[in-house]
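Colleague: Prediction below, plus the sequence it came from.
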Amino acid sequence: MPEPRVGQDAGGAGVVSGVPTQRTAADVYRVSEEQVHRARMAVARNALDSEDCRELLDMLGLIGEPGEPPPVRR
């Protein structure tokens, strides 16, 4: 029987047999640029219109002031 794979994925959580393990308290606050991008794309695909998209992105902390990181990354 093959040994389960154990390691770190890009988000910092361990991986056992291709299934991510539970995140630690330190990992909860770590949000990668890729995660922010994917979340923005999911919101944009499901928004009713541009105003709905802007409101949802703002509520989720995915947009911020120009030149600053979004609140979700602070």
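Modeller: Cool, the structure landed.

Colleague: can you map out the strands along this structure?
Modeller: With DSSP state E as the definition, the chain shows strands at residue ranges 6-8, 14-16, 19-20.

Colleague: And the ones you listed, which one averages the lowest pLDDT?
Modeller: Lowest mean pLDDT within the strands of the chain: strand 6-8, a mean of 50.

Colleague: list the buried ones in stretch 21-34?
Modeller: The neighbour-count check on stretch 21-34 (16 or more other Cβ atoms under 10 Å) flags residue 31 as buried. C-betas here are computed from N, CA, C, even on glycine.

Colleague: can you check stretch 60-74 too?
Modeller: Counting neighbours by 16+ other Cβ under 10 Å, stretch 60-74 gives 60, 62-63, 70, 72-73 as buried.

Colleague: Between those residues, which sits nearest residue 26?
Modeller: Among those, residue 73 lies closest to residue 26 (Cβ to Cβ), at 15.4 Å.

Colleague: Please list all residues in contact with the closest one.
Modeller: For residue 73, the contacting residues are 31, 33, 36, by Cβ atoms under 8 Å, 6 or more residues apart in numbering.

Colleague: Would you mind stating the distance between it and residue 52?
Modeller: 23 Å (Cβ to Cβ, to the nearest Å).

Colleague: hey, where'd the helices end up in this structure?
Modeller: For the chain, applying DSSP state H gives helices covering 25-28, 33-46, 50-59.

Colleague: okay, these in JSON lines with mean pLDDT and distance to residue 19 next?
Modeller: Conversion of the helices of the chain to JSON lines gives the following (pLDDT from 0 to 100; distance: least, Cβ to Cβ, whole Å):
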{"stretch": "helix 25-28", "mean pLDDT": "68", "distance to residue 19": "16"}
{"stretch": "helix 33-46", "mean pLDDT": "94", "distance to residue 19": "18"}
{"stretch": "helix 50-59", "mean pLDDT": "95", "distance to residue 19": "30"}
